[in-house]
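Colleague: Provided below are the primary sequence and the corresponding predicted coordinates.
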Amino acid sequence: MLSSVSDPRTTTQSLRHSEDDRVRCYTSHFADLMEMRAPASTVGHYLDHHEGWFRRCAAPMQVQPLGRNGYVLTLGRFGNFGFEVEPTIGLELLPQSRGVYGICTVPPEQFEPGLRDLYDVEFNAALRLEEQDADAPHTDVRWELDLSVWIRLPAVIGLLPESLVQTSGDHLLRQIVRQISRRLTWKVQEDFHATHGLECPPRRRAQF
């Protein structure tokens, strides 16, 4: 997915194209499900108006609007081997296309150019609405995320075994997604049902 906010000329200078051997790439795929007790049309109308729920549900993360469909999020501090980062990423919520919503990365040049020397994030997510045949209105929102993170590590970490550095980075990535994505998923589900006067289903165990 390509953000409509992005300028393709800026991507050639990002860490993902760096030849610096201190740059590591961590890539993962995740999937989860939200159960909504309403028809797909009602769920879609709610998701379409993200300006009403996104910032509310993303709290306590710091969120700033970016253009018409974008947001800048500061995720909080995460670290490994004494090396800490406070990831700030830009995301664009793309308009619905045949029941599918896309979320993609906005390049940091659009909101904080200095970040491109520290880390680079490619976030591509798809939310698919699946209306279920049941006695009561019921829509499953299935989402999948392909996430890649490039980080320029301190030189001293390069002295550690490569497998340890990679494994620890993968663990850090999973930690970020579990804490952020699950919390956001629960809040969106709870917010939807509360704003529509519906009983919220119990929380599901994460599928990743």
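Modeller: Sure thing, it's come through.

Colleague: only C-alpha atoms for contact and neighbour calcs from this point on.
Modeller: Fine.

Colleague: other residues contacting stretch 57-72?
Modeller: Here stretch 57-72 makes contact (C-alpha atoms under 8 Å, 6 or more residues apart in numbering) with 5, 55, 73-76, 88-94, 106, 111, 184, 187-188, 191.

Colleague: just the buried residues of those residues.
Modeller: Buried by 16 or more other C-alpha atoms under 10 Å: 5, 55, 73-75, 88-94, 106, 184, 187-188, 191, out of the contacts of stretch 57-72.

Colleague: in the longest helix anywhere in the chain, what counts as buried?
Modeller: In the chain, assigned by DSSP state H, the helix with the most residues is helix 162-195. Under the neighbour-count criterion of 16+ other C-alpha under 10 Å, helix 162-195 has 165, 168-170, 172-174, 176-177, 181-182, 184-193 buried.

Colleague: and that helix, what does it pack against?
Modeller: Contacting helix 162-195 under the criterion 3 or more C-alpha pairs under 8 Å, 6 or more residues apart in numbering; DSSP states H and E are the following elements: strand 23-36, helix 50-58, strand 78-80.

Colleague: parallel or antiparallel, which strands does the first one pair with?
Modeller: Right, strand 23-36. strand 139-152 (antiparallel) (DSSP bridges).

Colleague: relative to helix 162-195, how tilted is the partner strand?
Modeller: For strand 139-152 against helix 162-195, the angle by axes from the mean of the first three to the mean of the last three C-alpha atoms, to 10 degrees is 150 degrees.

Colleague: now what about strand 139-152, what contacts it?
Modeller: 15-16, 22-40, 43, 117-132.

Colleague: as CSV, could you dump the C-alpha coordinates of it?
Modeller: Extracted in CSV, the C-alpha atoms of strand 139-152 (Å, rounded to 0.1, in the frame of the first residue of the first chain):
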residue,chain,number,x,y,z
THR,A,139,-19.8,-8.8,11.9
ASP,A,140,-16.3,-10.1,12.3
VAL,A,141,-13.5,-7.6,11.6
ARG,A,142,-10.5,-9.6,10.6
TRP,A,143,-7.2,-7.7,10.4
GLU,A,144,-3.8,-8.7,9.2
LEU,A,145,-0.6,-6.8,9.7
ASP,A,146,2.8,-7.1,7.9
LEU,A,147,5.3,-5.1,9.9
SER,A,148,9.0,-4.5,9.1
VAL,A,149,11.3,-2.4,11.3
TRP,A,150,14.8,-1.2,10.4
ILE,A,151,16.9,0.0,13.4
ARG,A,152,20.4,1.4,13.5
